[in-house]
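> With the sequence up front, the predicted model follows.
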Amino acid sequence: MKKSVIFVGGVHGVGKSTICSHFAMKFRWPVFRQRQALLQLGKEIGLEWPEVGTKHFDLIETVAERLSGAIMRFESPVALFDCHYAIRSARAVRLNGRPTVGPYVHDLDPTLVQRLSNDHRAFFLLLSADPRVCELRLEDRHPEGVEEDHTLEALRSLADAEECCLQRLVVRNVGLSRTARAINNSNLDSFYSDVEYILQSWGLIT
C-alpha cells in the first residue's frame with residue numbers, strides 16, 4: 001500500500017521545521033531530510049562533508065531507495081520531508097564547479113522526488129512569510145552573524161527560486177492538485193490551522 005509523502009519547503013526561517021515538528025508530534029508522522037540521509041550513507045562508506053556533497057549524484061539513487069523503504073516500514077500512513085526546493089548555485093557542493101544556467105538550482109533532488117512519487121503519493125507544501133520576519137528569526141538563531149543567504153535581499157530572491165523549482169518538480173511528478181501554499185504570519189495557532197486545513201483538503205487527516 002502506498003504511503004503519502006509531504007514535501008515541506010520554503011526559505012530559511014519560514015517555519016518548515018516548526019510545521020514538521022508540530023504535525024510529527026500530533027499525528028506521530030516521521031520526518032525525513034535529504035541531507036541527513038546523504039550524510040548517513042556517506043558515513044557508512046567513510047565519507048564526510050563536503051566530500052559527500054561532491055558525490056551527490058553517485059549517492060542520490062541509493063538514498064532515494066533507502067528513504068522509500070524507510071517510509072514504507074513506518075506504520076504511519078504519512079511521512080513529512082523537511083526540505084528546501086532551491087539552493088543558490090554557488091552553494092551547491094554537488095555541482096563541483098559544473099556550469100549552471102542560472103543563480104539557483106534544485107536543492108531537493110528531482111531524482112529523489114521522482115522515486116518517492118513513483119513509490120508513494122507525493123504532496124508539495126510551500127511555506128512563505130514576510131522576508132523581514134525571516135531575517136529577524138535568523139538573526140536570533142545566529143547571533144554570531146547572519147550568513148550571506150540569510151540577508152533580506154537573499155531571502156527575497158530565494159523565495160522566488162523556491163517557487164520556480166517547486167513548479168518544475170510538480171509538473172514532472174504530480175500536477176497542481178497536490179500542491180499548496182501556507183503563509184506564516186507569526187501567529188502559530190493560525191499557521192497550524194491553515195496547514196491542517198490543507199491536509200484535510202488532501203484527505204490526509206479528518
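Structure's in. What do you need?
> show me what contacts the residue nearest to the spatial centre of the chain?
Nearest residue to the geometric centre of the chain (Cα atoms, centre = their mean): residue 83, 1.4 Å. Residues near residue 83 by Cβ atoms under 8 Å, 6 or more residues apart in numbering: 7-9, 16, 33-34, 107-108. The way it works is simple: take the backbone N, C-alpha and C, and place the C-beta from them, glycine included.
> who touches the longest helix seen in the chain?
Longest helix in the chain by number of residues (criterion: DSSP state H): helix 152-173. Around helix 152-173, the neighbours that count as contacts under Cβ under 8 Å, 6+ apart are 9-13, 84-86, 88, 103-108, 110, 113-114, 117, 122, 124, 126, 128, 131-132, 134-135, 148-149, 176, 178-179.
> Of the residues you listed, just the buried ones, ChimeraX syntax please.
Of these, the buried ones go into a single ChimeraX selection, burial set by 16 or more other Cβ atoms under 10 Å:
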select :9,10,11,12,13,84,85,86,88,104,105,106,107,108,113,117,122,124,126,128,131,134,135,149,178,179
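> quick one: which of the contacts of helix 152-173 sit in helices?
110, 113-114, 117, 131-132, 134-135.
> quick one on the thing from earlier: let me know the average pLDDT across the longest helix of the chain.
What helix 152-173 shows for mean pLDDT is 92.
> now this protein, which segments are flagged as low pLDDT?
Within the chain, the stretches with pLDDT under 70 are 97, 146, 174-176.
> quick revisit: in a markdown table, list the ones in helices among the contacts of helix 152-173 along with distance to residue 153.
Output for the ones in helices among the contacts of helix 152-173, formatted as a markdown table (distance: Cβ to Cβ, whole Å):
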| residue | distance to residue 153 |
| --- | --- |
| 110 | 27 |
| 113 | 28 |
| 114 | 33 |
| 117 | 33 |
| 131 | 9 |
| 132 | 11 |
| 134 | 12 |
| 135 | 10 |
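> what's the most distant pair in those?
Greatest spacing in the ones in helices among the contacts of helix 152-173, by Cβ to Cβ: 114 and 132 (35.6 Å).
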